[in-house]
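Asks: I need the structure of the sequence given here:
(one chain, ligands or ions: 1)
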Amino acid sequence: MGVKSLPLITPEVARGILKGERRVSLDLGITHALVEDHGDGVLLPDGSLIGFDELERVAEREEAVYFPREGRLYMAAISDDHFYKLVPTRGAPTLEIDGIRMHRTKGTTPEADAEGKVESLRLNGGNVLDTCTGLGYTAIASAERGASLVISIELRCQVLMMAEINPWSRRLFEDPGIHLLLGDSYTLIKTLPPEFFHYIIHDPPRISHAGQLYSLDFYMSLYRVLKPGGRLFHYTGEPGKRFRRLDIRKGVMRRLRSSGFKNGVYLEDIMGIICEKG
Ligand SMILES: C[S@@+](CC[C@H](N)C(=O)[O-])C[C@H]1O[C@@H](n2cnc3c(N)ncnc32)[C@H](O)[C@@H]1O
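Replies: Sure thing, here's the model as predicted:
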């Protein structure tokens, strides 16, 4: 069975089954399926048999996504120099890298937040550059809104492996209009043709983890690949409450202006700056 079709169990689903629910979601809330009682456990639609003791173990465990293998449930996570894991939310899951969430989850869901980001661009056909793929929600939202072509760049193959397990990321791998590049946006952008993109979504990790993606040099590259009249959305995170964040936003705005971007406005609801190439 391919990794894409693995049934996925969260602690909440495990608790539901233990309470007697038999119609549950095995794809993180997208659809529902029936599990059947079978001896000391349940039989999943793919034929996996999971014992109640195993479900009890997961029901008590940390918020994460688990998949079955030979009667046991394993966490969908990768541990190497960093620790990557999928974490369920009210909507699409988020990805944690070393405990840091890659999506906003307070007061929104990762997919709603991605839609908001794309909406801010007033996307209407055209080519989109998505500088940081993550789980692909901004790339998928761009395709859903009618982008003719999306080029999405991700630095880490471990992130794409997490996306492969995630049913909410499926379109990232199936939509012929979405093209994935594995590598560093800072370097790869230099290989992209000038004035090719109508829109850019720049959704980087926080500045302390990806300083180059906030540099004047990189903003000049973004400017170069954008068509005249094209728009850029740059996620900056929550400013204001902490002075440091405010300084970061001011610095971003200043460097965007120095690169040539105009009409920069900070949008509170999606916590980022929208600006355009004059
Ligand atoms: C905030 S997440 C992006 C979320 C994404 N837009 C989505 O909708 O799921 C940031 C992502 O950027 C990736 N990243 C970090 N540095 C990068 C770089 N230099 N080039 C490309 N991707 C990078 C991280 O691995 C992470 O997956």
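Asks: okay, now the closest residue to the ligand within the chain: neighbour count?
Replies: Nearest residue of the chain to the ligand, counting by CB to the nearest ligand atom: G134, 2.6 Å away. Quick note: C-beta positions are derived from backbone N, CA and C, even for glycine. G134 is flanked by 27 other residues according to other CB atoms under 10 Å.
Asks: Let me know the secondary structure of V159.
Replies: helix (DSSP: H, G, I helix; E, B strand; the rest coil).
Asks: That one against T133, yeah?
Replies: Yes - V159 is in contact with T133 according to CB atoms under 8 Å; the separation is 6.9 Å.
Asks: What residues does this structure have near the ligand?
Replies: Applying CB under 6 Å from any ligand atom, we find that the chain lies next to the ligand at 102, 114, 132, 134-138, 153-156, 159, 184-186, 203-205, 210, 213.
Asks: let's see it at 8 Å
Replies: Contact residues (CB under 8 Å from any ligand atom) of the chain with the ligand: 95, 97, 102-103, 110, 114, 117, 130-141, 153-156, 159, 163, 169, 183-186, 188, 201, 203-205, 209-210, 212-213, 235.
Asks: Can you flag which of those belong to helices?
Replies: 110, 114, 117, 137-141, 159, 163, 185-186, 188 (DSSP state H).
Asks: one step back: V159 and T133: which has the busier surroundings?
Replies: The neighbour comparison of V159 against T133 (other CB under 10 Å) goes to T133, with 27 against 22.
Asks: is the closest residue to the more buried one other than its chain neighbours in a bridge, and if so with what?
Replies: Once flanking residues are discounted, T133 sits nearest to E154: 3.6 Å by CB to CB, 6 or more residues apart in numbering. Here E154 sits in beta bridges with L182, going by DSSP bridges.
Asks: Go ahead and confirm the residue of the chain closest to the ligand touches E154.
Replies: Yes - using CB under 8 Å, G134 is in contact with E154, at 7.1 Å.
Asks: give the contact list for M220.
Replies: Listed by CB atoms under 8 Å, 6 or more residues apart in numbering, the contact set of M220 reads S259, G260.
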